[in-house]
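Chemist: here's my sequence, what's the structure:
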Amino acid sequence: MNQAKQGDCVKVHYRGSFENGKVFDTSQGRDPLEFTIGEGRVIAGFEDAVIGMVPGEEKSVKISCEQAYGPRREDMVAVFNSKQFPENLTPAVGQILQLKRDDGMLVQVMVTDVTGDQVTLDANHPLAGKDLIFELTLVEIAG
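Modeler: Numbers count the residues shown, from 1 in each chain. Below is the predicted model of the structure:
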């Protein structure tokens, strides 16, 4: 049988969970995830796990945070004065905001604390610093 390799377009069903078993994402009930190996559209550890699989094969892999969304970085957490926000915006913990960087790119941040006039924003990916477990099924190699 044909094994998945660099440059192949593949379709994969997956279930992603944390080490404690809590599921954070799944393709169940949806079409399988389709991507080309080597394009970098999925995290490195996920891509590496699919390489060598054959259609119909199932496997479970643990992906370290370094091969997933990277370690959590404290330099991506910043405290702002609430007066720096638009008047019509009242920041609340858990709220997702978009900020424009100096180069014009938008970056997504989460409000993690609001204390008095201080608002803490975190630009880390929500899964940064976490090891992830994926149950994978290679559905198809499209070529």
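Chemist: what is the worst-scoring helix or strand of the chain on mean pLDDT packed up against?
Modeler: Counting by mean pLDDT, DSSP states H and E, the chain has its least confident helix or strand at strand 96-100, which shows a mean of 90. Secondary-structure packing of strand 96-100 (3 or more C-beta pairs under 8 Å, 6 or more residues apart in numbering; DSSP states H and E): strand 106-115. All C-beta spots, glycine's among them, are computed from the backbone N, C-alpha and C.
Chemist: quick one, the strand it packs on and strand 96-100 angle?
Modeler: Counting by axes from the mean of the first three to the mean of the last three C-alpha atoms, to 10 degrees, strand 106-115 lies at 120 degrees to strand 96-100.
Chemist: mind listing residues that contact strand 106-115?
Modeler: By C-beta atoms under 8 Å, 6 or more residues apart in numbering, the residues outside strand 106-115 that reach it are 77, 82, 91-101, 119-123, 126.
Chemist: if we go to 10 Å?
Modeler: 76-80, 82, 85, 90-101, 119-126 (C-beta atoms under 10 Å, 6 or more residues apart in numbering).
Chemist: quick one: the helices in the protein?
Modeler: 44-50 (DSSP state H).
Chemist: quick one: the strands in it?
Modeler: For the chain, applying DSSP state E gives strands covering 9-17, 23-26, 33-36, 58-63, 77-81, 96-100, 106-115, 118-122, 132-141.
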